[in-house]
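Visitor: no sequence on this one, just coordinates:
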């Protein structure tokens, strides 16, 4: 079974929000919501994420930039934004999705996700990691 297929299967069967697989082995399963799980995965796995396959419930521009930063090979996302799709394509990352949306919305479903909005001007995946990590910490501290 391909790594992305295993990640996809674990995402649905385990109820996780993020699954990372490499070489047929599960590197990480996370139930953390939003971008936080991906930021934690990068902190924990560092360069081990390179060449992995990732299944993430929702991938917008911010998540796509972080996936590019991590040098993953392939991504599966039930929900993918057009901006996220563009970032993945620009970074030669294969992507499979079910629903392609214009923008990722916040939990209320009324406004654009703060991470999607914040990442709109970030061009470099390296910049994205540092800036999104700081933004996430600031957002967590204000809530």
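Guide: That came in fine, so what should we check first? Everything numeric in this text was worked out from a predicted model, so none of it was measured.

Visitor: any idea of the mean pLDDT for the longest helix belonging to the chain?
Guide: Identified as the longest helix of the chain according to DSSP state H is helix 125-142. What helix 125-142 shows for mean pLDDT is 91.

Visitor: list the buried ones in that helix?
Guide: Buried residues in helix 125-142, counted by 16 or more other C-beta atoms under 10 Å: 125, 128, 129, 131, 132, 135, 136. The C-beta positions use only the backbone N, C-alpha and C, and glycine is treated the same way.

Visitor: neighbouring contacts of it?
Guide: Helix 125-142 is contacted from outside by 35-36, 39, 42, 62, 65-66, 68-69, 91, 114-115, 118-119, 122, using C-beta atoms under 8 Å, 6 or more residues apart in numbering.

Visitor: helices or strands up against the helix or strand that contains residue 97?
Guide: Element membership for residue 97, per DSSP states H and E: strand 94-101. Helices and strands touching strand 94-101, by 3 or more C-beta pairs under 8 Å, 6 or more residues apart in numbering; DSSP states H and E, are helix 3-14, strand 74-81, helix 82-90.
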